[in-house]
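Quick one, fold the following:
(2 chains)
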Amino acid sequence: MSAGQAVAGGAPRQAPDLSWFRRRQLRTIAGIVAVVVVFELCSLICNFSLGYALGSIPAAFAWMLQNFIPTVESLANLPMVIEQTVSTALDSVAATVIAAVCGIVFSVMGSTSIGVECAPVRGAIRAVASIFRNIPMIAWALLLLLSFKQNEFTGFLALFLTTFGQLMRFFLDTFDEIPAGPVEALRSCGASYWQVVFQAGLPLAVADLMSWMLYMVETNIRSATLIGLLTGTGIGFVFNLYYTSFRYDTAGLVIIVTIVFVLAIEAISNIARRSMI
Amino acid sequence: MNGTHLLDIRDLGKSYEARRRGAGEGTASALSGVSFTADAGEFITVIGPSGAGKSTLLRSINRLIEPTEGAITFAGRDITHLGRSGLREVHREIAMIFQNYNLVYRLTAIQNVLHGRLGYKNALAGSLGLYTEEEKLRAFELLDEVGLGEFAYRRADQLSGGQKQRVGIARSLMQEPKIMLCDEPIASLDPKSSRMVMEILRRLTRQRGITCIVNLHQVDFALEYSDRIIGLRAGEKVFEGTPEQATPEVIRGIYEGQMDEVVDVTVGAVDADVAGAAPLAGAGAVGGAQ
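Model prediction:
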């Protein structure tokens, strides 16, 4: 129908420019070639050989299978490993949830949709969040080790601070994107600032907020293991202990238990997510 | 004179700082010198092409948009310069319904209706959604009244457009308003739902003495339901009269030849939108009137 209108409009129809498709293809090919060239160049500079790396994978796996398969004796350590994994998991859940609560408060205030009216304050909140986020978790852990020494609280704080920064980014995006209509409607009814936040802002954002929080719980259980290596606590410490004393069977047991836990938590959080939509 | 009308709008104007590059003047006016009055129970429609300032006018009345000139007197009180708490009291009595319903779509119908009470509640009770038993019963009554009693616990995003708008009306009635400002309440609805919503609004004016000020694109609906019609063009009032006085010539006068001026009176990002929509909306509405 639109073609009919164009003809009826009397404008002479120009021959379509088909070379556009060819140029498009050439650009795609050029892009692929560029990626390959960059990869080769980088490999050359740092003496990386893809062939050698790939070739050594089978042997590496064979070695891991030989050494890291838990032996019958190592199973005696299972209760202790599970206990430490649970403790690490709970630690990271606690850190994430507290970071999420703080994150919600600050991202509400820093958001453009329902934030505080003073733009410099919003900017400051965003800047602080960005700083927390951009210091790597390991760096936080090392920094905090100096003042808090090797204990569970150090790991907790490191997790909390980076999670807070991460979640602030996600939460700010979520709050920025809530529709303006319901917020305007509540303001027009005479609702006060906090009433608007609790009755429109949070209900509209809550599913996304929870989804991000669950995602961070999942990632943090993995990160907590790593941080435990540094702070000498939790399952990370147990792994390090057995690994450095060449008792690979128990170290392997730790890995397997950790994997099972992470998968279980992921499954639970997926169920939680689905029930919230 | 001012005290005798429920609402008295005098020389209302809104101008924006022009932020467009290459704009010669310092300000662009979206509304200028609009005056009218409204009495209890009147059904007033505001018609005019897109970008004529209908939305700006409506939102200036309850100061969701701050007018830059003129005065608003509501129930004998000058509300033009009211502070935050005074404005909150006024907002309770001036309800609003919207083209996009503006429900909190993740909450149930009944929760959305109860939002109408927020202006009366303290910060804590309102934030936590702690309503009294009377308020809850009242909310159910109002849902029944708009024919949605059985949908009370249905989430707002599972309702149809017409149902959402009726929830919006119930929410505004929860405020016990004296005036309802309706911003294109039927623009997103099919003809049957549109008629239903318009019937409900008219019933409110007749039975409860609530004043309805309704922005409309559908001139035929305006002619059928209004006690009085106000025509806006390029931010100025160009017509005010009964539906009988709004002859096809008058209507055409309101809608015609607006392209250039329409673009001039709006600011920044809305320009493209308005310029694109104006001729279509105008043509459609005039066609409908004849």
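
So the residue in chain A positioned nearest to chain B: helix, strand or coil?
Residue nearest to chain B within chain A (C-beta to the nearest C-beta): A:Gly190, separated by 2.4 Å. Every residue, glycine included, has its C-beta placed from N, CA and C. Following DSSP: H, G, I helix; E, B strand; the rest coil, the label given to A:Gly190 is coil.

same check, this time on A:Ala15
Put simply, A:Ala15 is coil when judged by three-state DSSP.

That one - how many residues pack around it?
Using other C-beta atoms under 10 Å in any protein chain shown, A:Ala15 is surrounded by 5 other residues.

Could you chop chain A up by domain?
Residue ranges for the domains of chain A, per automatic domain parsing: A:16-66, A:72-276.

can I get those in CSV with mean neighbour count and mean pLDDT?
Output for the domains of chain A, formatted as CSV (neighbours: other C-beta atoms under 10 Å in any protein chain shown; pLDDT from 0 to 100):
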stretch, mean neighbour count, mean pLDDT
domain A:16-66, 10, 91
domain A:72-276, 19, 90
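
Looking at the ones you listed, spot the one closest to B:Pro191.
domain A:72-276 (23.5 Å; C-beta to C-beta).

Look up how far A:Ser111 lies from A:Arg133.
Per C-beta to C-beta, to the nearest Å, A:Arg133 is found 16 Å from A:Ser111.

hmm, I was thinking of B:Glu42
40 Å.

so who does the residue of chain A closest to chain B touch?
B:Arg88, B:Glu89, B:Val90, B:His91, B:Arg92, B:Leu118, B:Gly119, B:Tyr120, B:Gln175 (C-beta atoms under 8 Å, 6 or more residues apart in numbering or on different chains).

redo that, cut-off 7 Å
B:Arg88, B:His91, B:Arg92, B:Leu118, B:Gly119 (C-beta atoms under 7 Å, 6 or more residues apart in numbering or on different chains).

Excluding chain neighbours, what is closest to the last one?
Nearest residue to B:Gly119, sequence neighbours excluded (C-beta to C-beta, 6 or more residues apart in numbering or on different chains): A:Gly190, at 2.4 Å.

Which helix or which strand is home to A:Leu204?
Assigned by DSSP states H and E, A:Leu204 falls within helix A:202-231.

ugh, wrong one, A:Glu40
Going by DSSP H and E, A:Glu40 is in helix A:19-45.

which residue ranges form the strands in chain B?
With DSSP state E as the criterion, chain B has strands at B:7-17, B:27-38, B:43-47, B:69-74, B:77-78, B:94-97, B:179-183, B:211-215, B:228-233, B:236-241.

would CSV of these with distance to B:Tyr105, mean pLDDT and mean neighbour count be doable?
Compiled in CSV, those are given as follows (distance: least, C-beta to C-beta, whole Å; pLDDT from 0 to 100; neighbours: other C-beta atoms under 10 Å in any protein chain shown):
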stretch, distance to B:Tyr105, mean pLDDT, mean neighbour count
strand B:7-17, 30, 91, 18
strand B:27-38, 29, 89, 20
strand B:43-47, 27, 96, 25
strand B:69-74, 31, 93, 19
strand B:77-78, 35, 92, 14
strand B:94-97, 15, 94, 27
strand B:179-183, 18, 95, 24
strand B:211-215, 23, 96, 25
strand B:228-233, 31, 94, 24
strand B:236-241, 36, 93, 17
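
Pretty sure A:Val260 sits in a helix.
Yes - judged by three-state DSSP, A:Val260 forms part of a helix.

anything in stretch A:155-174 near chain B?
No - Stretch A:155-174 stays clear of chain B (C-beta under 7 Å from any C-beta of the partner chain), getting no nearer than 12.9 Å.

now what about that stretch, what contacts it?
Counting by C-beta under 7 Å, 6+ apart, A:91-92, A:95-96, A:98-100, A:102-104, A:106-107, A:110-111, A:126, A:129, A:132-133, A:137, A:140-141, A:144, A:148, A:205, A:208-209, A:212-213, A:216, A:220, A:223-224, A:227-228, A:231, A:233-234 sit against stretch A:155-174.

Up against chain A, what does the stretch 51-200 of chain B have?
Residues of the stretch 51-200 of chain B lying close to chain A by C-beta under 7 Å from any C-beta are B:62, B:64, B:88, B:91-92, B:96, B:98, B:100, B:102-104, B:106-107, B:115-116, B:118-119, B:123, B:126-129, B:175.

List buried residues within those.
Neighbour-count burial (16 or more other C-beta atoms under 10 Å in any protein chain shown) applied to these gives B:62, B:64, B:88, B:91-92, B:96, B:98, B:100, B:102-104, B:106-107, B:115-116, B:118-119, B:126-127, B:129, B:175.

residues contacting residue 228?
As the question left the chain open, I've gone with chain A. A:Thr88, A:Gly155, A:Gly234, A:Ile235, A:Gly236, A:Phe237.

Hmm, no, I was thinking of chain B.
B:Arg228 touches B:Glu42, B:Ile44, B:Glu240, B:Thr242, counting by C-beta under 7 Å, 6+ apart.

show me where chain B has helices.
Taking DSSP state H as the test, the helices found in chain B are B:54-61, B:84-93, B:109-114, B:123-128, B:133-145, B:161-174, B:191-208, B:219-225, B:248-255, B:259-265, B:270-289.

which parts of chain A sit against chain B?
A:181-182, A:184-192, A:194-195, A:198-200, A:203-204.

let's see it at 8 Å
Contact residues, chain A versus chain B (C-beta under 8 Å from any C-beta of the partner chain): A:181-182, A:184-192, A:194-195, A:197-200, A:203-204, A:206-207.

Just say helix, strand or coil for the residue nearest to A:Ile256 when sequence neighbours are not counted.
Among residues not flanking A:Ile256 along the chain, A:Pro70 sits closest, at 6.8 Å (C-beta to C-beta, 6+ apart). Secondary structure, three-state DSSP: A:Pro70 is coil.
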